[in-house]
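# what's the 3D shape of this:
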Amino acid sequence: MTTASSGTSENLVVRRADHTTIRYTARGPADAPALVLIHGWGCDRSDFDAVTGHLPDGYRILAVDLAEHGESRSTREVWTMEEFARDVAAVLEAESVTTAVVTGHSLGSAVAVEVGRLLPDTVSHVIALDGLHYLALFPAQSEEQAGALLGLFRDDFPAAVRGLVAGGSPAGTDPALMDAYFEKMVAVRQPAGLRAMEGLVHWDMDAALRETKQQITVFAVRDLVTQEAIDRYGDRLDIVLVDLGSHHFPAEAPEATAQLLDDVMKIR
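Below is the predicted model of the structure:
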């Protein structure tokens, strides 16, 4: 089991071009190996608050709000996974990080891969928390497929978000939890929310994986991953099945999630 960290957190900021202000929380020794935490679509860095409380001392833990999520703001026009990765890279530069394990949840997993591709000498390992295995998103969709999916969000955004939450909720998931996830995600700032979804749907994961050299570990909810996904990506992704709740299991099982992350940090 991990030993809960007793360190204090700092809320910090880094500024990029296009009036982009990225806010993040830092915890632990400044010169320690970094563990970067990237939230999913429509969420924010607070999703990891309970997880970081269960991580041991000795890591520099950096939880980042992507642009127009949480407290981060931007007026930019580009909402690709690559541009989100540059948000994270700006934090690592500001922190003078020389080695890091980068962890992403859901959409944040795609961003984490792009951070690894962008910073091959800094990122030692990429972790996906129930990301990268959804074949309705990956590999890159055809224009027809992408248009159909994005049309759901353009036509009835709340209904599409509700469907997104339902799709990530195995049988038996507490309806109150599902409602809480829906309320948080449906309030994502616009137009960035829709544009970020467009960026995710058009992201070419296969191309990114070919150019990302780090080991990528995927902690996938057993009831949500398909054998087809395992067959397609099992030779490139280290897919580990977990039984910790829904797609949002880091919030539901923070101590167990912290243990998973700690185990990877120890072998980085």
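
# Val97 contacts Thr122, doesn't it?
Yes: using Cβ atoms under 8 Å, Val97 is in contact with Thr122, at 6.2 Å. Where C-beta positions appear, they are placed from N, C-alpha and C, glycine not excepted.

# Comparing the two, which residue is more hemmed in?
Val97 (21 against 17; other Cβ atoms under 10 Å).

# can you tell me the helix or strand for the more buried one?
Per DSSP states H and E: Val97 is located in neither a helix nor a strand.

# From Thr75, how far off is Thr173?
37 Å (Cβ to Cβ, to the nearest Å).

# Pick out whichever of those two has more residues nearby.
Neighbour count, other Cβ under 10 Å: between Thr173 and Thr75, Thr173 has more, with 19 against 10.

# who touches that one in this structure?
Going by Cβ atoms under 8 Å, 6 or more residues apart in numbering, Thr173 touches Gly245, Ser246.

# secondary structure element for it?
With DSSP H and E as criterion, Thr173 is part of no helix or strand.

# Nearest spatial neighbour of the residue nearest the centre of the chain, chain-adjacent residues omitted?
In the chain, the centroid-proximal residue (Cα atoms, centre = their mean) is Gly108; its distance is 2.1 Å. In space, and not counting its chain neighbours, Gly108 is closest to Ile38: 3.5 Å by Cβ to Cβ, 6 or more residues apart in numbering.

# Can you list phi and psi of the one you found for me?
phi -120, psi 120 (degrees, to the nearest 10).

# Now do the shared contacts for Val97 and Thr122.
Common neighbours of Val97 and Thr122 (Cβ under 8 Å, 6+ apart) do not exist.

# buried stuff in the one helix or strand Asp206 maps to?
Assessed by DSSP H and E, Asp206 sits inside helix 205-210. If you call a residue buried by 16 or more other Cβ atoms under 10 Å, then helix 205-210 has these buried ones: Met205, Ala208, Leu209.

# How about residues contacting stretch 214-233?
By Cβ under 8 Å, 6+ apart, stretch 214-233 touches 109, 113, 116, 120, 123-135, 168, 170-171, 209, 236-247, 249, 257, 260, 264.

# List buried residues within those.
109, 113, 116, 123-134, 168, 209, 236-239, 242, 244-247, 249, 257, 260, 264.

# Just to be sure, which of those residues are found in helices?
When the buried ones among the contacts of stretch 214-233 are checked against helices (DSSP state H), the matches are Ser109, Val113, Gly116, Leu209, Phe249, Thr257, Leu260, Val264.

# wouldn't the third one be in contact with Val101 here?
No: applying Cβ under 8 Å as the test, Gly116 and Val101 come out as separate, 9.9 Å apart.

# hey, what's in contact with both of these two?
Joint contacts of Gly116 and Val101 (Cβ under 8 Å, 6+ apart) are Val123, Val126.

# Pull the distance from the helix or strand just after the helix holding Asp206 to the chain's centre.
Once the chain leaves helix 205-210, the next helix or strand it forms, by DSSP H and E, is strand 215-221. Distance of strand 215-221 from the chain centroid (Cα atoms, centre = their mean, to the nearest Å) equals 12 Å.

# before we move on, what about stretch 114-128?
That offset, for stretch 114-128, works out to 13 Å (Cα atoms, centre = their mean).

# Not counting that stretch itself, show me its contacts.
With contacts defined as Cβ under 8 Å, 6+ apart, stretch 114-128 is touched by 36, 38, 81-82, 84-86, 88-89, 92, 97-105, 109, 112-113, 208, 211-220, 237, 260-261, 264, 268.

# Narrow those to those that are buried.
By 16+ other Cβ under 10 Å, these give 36, 38, 81-82, 84-86, 88-89, 92, 97, 100-105, 109, 112-113, 208, 212, 214-220, 237, 260-261, 264 as buried.
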